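K.L.:
Provide a 3D model corresponding to the input given below.
(one chain, ligands or ions: 1)
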Amino acid sequence: MTMKKIGFVGLGIMGKPMAMNLLKAGHSLTVYDIVSEKIKELVAAGAKAGASSKDVAQQSEIVITMLPNSPEVKEAVLGPGGVLEGAKSGTILIDMSSIAPLASKEVAEHAGQKGVVMLDAPVSGGEPKAVEGTLAIMVGGPQETFDRVKDILGLMGASVTRVGEIGSGNMTKLANQIIVALNIAAMSEAMVLAAKAGVDPEKVFQAIRGGLAGSTVLDAKMPLVLKGNFKPGFRIELHIKDLANALDTAHEVGVPVPLSGAVMEVMQALKVDGKGADDHGGIIQFYEKLAKAQVRQG
Ligand code: NAD
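P.N.:
Down below sits the predicted model:
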């Protein structure tokens, strides 16, 4: 693979390990985050410090952003000192954040006016897979641009799939987030029932994980739930953000999503209860409180 000058903006739970994997592969990396502590860690590993998103773009052929939501992506790309102020015509912008599909289209349009081509490439898999470089990456944007950066995305993901034009990566991610949220809620409802009825939830987990109810969600979240470990991972407040984007998008398209609406309210209740920063596996705490029963052991 030819080595590239890559810029990386947003060095949080996900961005930091993803940037590390690009460094390990030998690419030259310039990084930026509004929290300067996060830049220092990457610099210690061999990256160059950028002074702003603009500065990162000035020094890069490819700019990757990994930010919380649509407003932050708009700020970092379109705002003062943002990527588009520094990018040259021909720069490729890959936004890997999970944002509203319409926001991806809007940012891509502005980028296009400066000759910058954008892909939306959100990920699934969480921090452990970001560290391993085995994320699932779902990409929207021009085929030709996708072909040029597929190998670079492959350093961060085990599967890299182009789904369609710009915005379709984030549309796919919304589908993913609906399925994950509803799975965790279903697991929680069932396991609190088993626990309160006096059946060991760990045995229930072992008994069903190989059957039709088995899932990646069940395997990833049950061991943590049994330990009462709700350290994120993926924060409930970030999942609220994704479900808000899912509800908005669904209503714009004309699709009622009743189960997503219900799980959204479960997550809102947890946020009011001070648990917004817990991992989304912590959804079980809502059901534990309702039923006055506990699934965690010890
Ligand atoms: P995070 O909050 O840990 O990281 C976001 C980083 O962006 C922070 O370091 C923050 O300081 C920085 N930032 C915010 N605004 C900025 C700006 N204007 N300019 C530069 N830096 C800025 O979040 P995360 O968990 O890494 O998630 C990032 C994205 O990935 C989100 O869209 C999230 O939904 C998605 N995602 C997260 C997970 C997960 O398990 N954590 C899994 C899949 C997808």
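K.L.:
From now on I want contacts and neighbour counts done on CA atoms only, so please keep to that.
P.N.:
Noted.
K.L.:
after the lengthiest helix in the chain comes which helix or strand?
P.N.:
In the chain, with assignment by DSSP state H, the single longest helix is helix 168-196. As assigned by DSSP states H and E, the chain's next helix or strand after helix 168-196 is helix 201-208.
K.L.:
Buried residues of that next one, list them for me.
P.N.:
201, 202, 205 (16 or more other C-alpha atoms under 10 Å).
K.L.:
how far out from the middle of the chain is that helix?
P.N.:
A distance of 29 Å separates the centroid of the chain from that of helix 201-208, by C-alpha atoms, centre = their mean, to the nearest Å.
K.L.:
Likewise for stretch 29-45?
P.N.:
19 Å.
K.L.:
so who does the nearest residue to residue 282 once chain neighbours are set aside touch?
P.N.:
Take residue 282 and drop its neighbours on the chain: the residue closest to it by C-alpha to C-alpha, 6 or more residues apart in numbering is residue 230, 5.5 Å away. Each residue near residue 230 by C-alpha atoms under 8 Å, 6 or more residues apart in numbering is listed here: 224, 278, 279, 280, 281, 282.
K.L.:
what does residue 169 give?
P.N.:
101, 120, 121, 122, 138, 139, 140, 162, 163 are the contacts of residue 169 under C-alpha under 8 Å, 6+ apart.
K.L.:
one step back: wait, which of the contacts of residue 230 is closest to residue 47?
P.N.:
For the contacts of residue 230, the residue nearest residue 47 by C-alpha to C-alpha is residue 279; the value is 29.4 Å.
K.L.:
What is the neighbour count of residue 136?
P.N.:
Neighbours of residue 136 under the rule other C-alpha atoms under 10 Å: 22.
K.L.:
thinking again about what came up before, need the buried residues of helix 201-208 in a markdown table (columns: distance to residue 130 and pLDDT).
P.N.:
A markdown table is the format used below for those (distance: C-alpha to C-alpha, whole Å; pLDDT from 0 to 100):
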| residue | distance to residue 130 | pLDDT |
| --- | --- | --- |
| 201 | 29 | 98 |
| 202 | 28 | 98 |
| 205 | 26 | 98 |
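K.L.:
ok, back up a step: out of the contacts of residue 169, which comes closest to residue 262?
P.N.:
Using C-alpha to C-alpha, residue 101 comes nearest to residue 262 of the contacts of residue 169, at 22.2 Å.
K.L.:
Could you check how far the residue in the stretch 51-200 of the chain positioned nearest to the ligand is from residue 276?
P.N.:
Using C-alpha to the nearest ligand atom, the closest approach of the stretch 51-200 of the chain to the ligand is made by residue 126 at 3.3 Å. Distance check for residue 126 against residue 276: by C-alpha to C-alpha, to the nearest Å, it reads 17 Å.
K.L.:
okay, the two: which has more neighbours?
P.N.:
Legend: neighbour count by other C-alpha under 10 Å for residue 126 and residue 276, higher for residue 276 (21 against 16).
K.L.:
pretty sure the residue of the stretch 51-200 of the chain closest to the ligand is in contact with residue 17, am I right?
P.N.:
No - here residue 126 lies out of contact with residue 17, judged by C-alpha atoms under 8 Å, at a distance of 10.7 Å.
K.L.:
give me the beta-bridge partners of residue 92?
P.N.:
residue 62, residue 117 (DSSP bridges).
K.L.:
neighbours around it, how many?
P.N.:
Residue 92 sits with 25 neighbouring residues when counted by other C-alpha under 10 Å.
K.L.:
For it, give its distance to residue 6.
P.N.:
Following C-alpha to C-alpha, the distance that separates residue 92 from residue 6 is 10 Å.
K.L.:
so does the strand ranked longest in the chain get close to the ligand?
P.N.:
Ordering each strand of the chain by length in residues (DSSP state E) puts strand 157-164 first. No - if you take C-alpha under 6 Å from any ligand atom as the test, strand 157-164 misses the ligand, and the best it gets is 11.7 Å.
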